[in-house]
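In: test case, fold it:
(one chain, ligands or ions: 2)
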Amino acid sequence: MTPIPAFSNANWSFAVDGLVERPLKFDWERFVALPRTAQVSDFHCVTGWSVYSNTWEGVPLQTLLDQAGVRSGAQTVKFYSGDGVYTDSLTLEQIAEMGDVLVALLHDGKPIPSDLGGPVKLIVPQMYAYKSVKWLNRIELIDGDHDGYWIVRGYAKDAWVGRS
Ligand SMILES: Nc1nc2c(c(=O)[nH]1)N[C@H]1C(S)=C(S)[C@@H](COP(=O)(O)O)O[C@H]1N2
Ligand SMILES: [Mo]
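Out: Ligands and ions are numbered 1, 2, ... in the order given. Model prediction:
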């Protein structure tokens, strides 16, 4: 596991940049003012443990992509963790197909604890938990491909739960 970074409202920020019409930069106050949705999902680590029926509340990834305006040529969304080490990616096609990728702020009605990836954690309910980047603080639109932290360590890039 990558080390837990410490954030305060004063030093936290969230960026959406790369191949977008309007790069976005949020401080905490503006980020918590974004419209949110809630969803319930199970969380499966590939090593065998699961946490069932989590309620996540946050900003749909698609909302942020729409606000920024994805430029033609963008193929992949690269997700950065504030730990400075961990990244992962999804293709725009996968994001559109899934329709439920969430930039989460609340878990079961409470702020996400920092050891579980708070203040902001990506939730990809239809894929294994290593796609759910903890301490998410930057989304970059890129062309081509990106191999994330567990992908370069041998795990499948398309981490579908219950598909082969
Ligand atoms: N930044 C970051 N995100 C991460 C990880 C990590 O080590 N660093 N581990 C991943 C893996 S393998 C799993 S199973 C989940 C674990 O989430 P949890 O600590 O909230 O249970 O986070 C994922 N996201
Ligand atoms: Mo995991």
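In: when you work out contacts or count neighbours from here on, use the C-alpha atoms and nothing else.
Out: Will do.
In: tell me the phi and psi of the residue positioned nearest the centre of the chain?
Out: Centroid-nearest residue in the chain: L122, 2.6 Å away (criterion: Cα atoms, centre = their mean). For L122, the backbone dihedrals (degrees, to the nearest 10) come out as phi -80, psi 140.
In: what's near enough to touch A68?
Out: Counting by Cα atoms under 8 Å, 6 or more residues apart in numbering, A68 touches V16, D17, V20, E21, R22, P23, L24.
In: can you pull the residues of the chain lying near ligand 1?
Out: 1-2, 45, 81, 83, 86, 116-117, 129-130, 132-135 (Cα under 6 Å from any ligand atom).
In: closest point of this protein to ligand 2, which residue?
Out: Going by Cα to the ion, ligand 2 is nearest to C45 of the chain, at 4.0 Å.
In: using just helix, strand and coil, how would you label G48?
Out: Here G48 is coil, with the state taken from DSSP: H, G, I helix; E, B strand; the rest coil.
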